[in-house]
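# pasting the sequence and the predicted model now:
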Amino acid sequence: MLNILNSCSTQVVDIVKNSILQGGQSLKDLFPSVIDSIIETLVGKSNEELKQLHGIVAAYRMTKKPPPVRHSHYDSGVLRVTPRKPKVETFPGLTPR
């Protein structure tokens, strides 16, 4: 592309340069709304998934079972992750009660 512009007049190069700058400014103006949209989508999806996990915690509170020491296949399915580590190691700030 630069080779083509080298053979063009200064006027054409200025027009191309201004067009690129204007396009960049348009994208820059859209950036905050794109970020807001991504955040809104991630929060919505996370809330849907985490609501399902609430049932697991409630089930253990209603029984005399000890807290799990290994991952559950249900947890992995709900979170849509491949279990690589136990949940306590994955989220060090969270510990079972």
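Nice, I can see it.

# which residues in this structure form strands?
Ranges of strands within the chain: none, based on DSSP state E.

# so where's this structure shaky on pLDDT?
1-2, 72-97 (pLDDT under 70).

# and the longest helix for it?
Longest helix in the chain, counting residues (DSSP state H): helix 10-61.

# which elements pack onto it?
Counting contacts by 3 or more CB pairs under 8 Å, 6 or more residues apart in numbering; DSSP states H and E, helix 10-61 is packed against helix 2-6, helix 73-79. In this view, the C-beta of every residue, glycine as well, is placed from N, C-alpha and C.

# count the residues that sit near the closest residue to C8 other than its chain neighbours.
Once flanking residues are discounted, C8 sits nearest to V16: 7.8 Å by CB to CB, 6 or more residues apart in numbering. V16 is flanked by 14 other residues according to other CB atoms under 10 Å.
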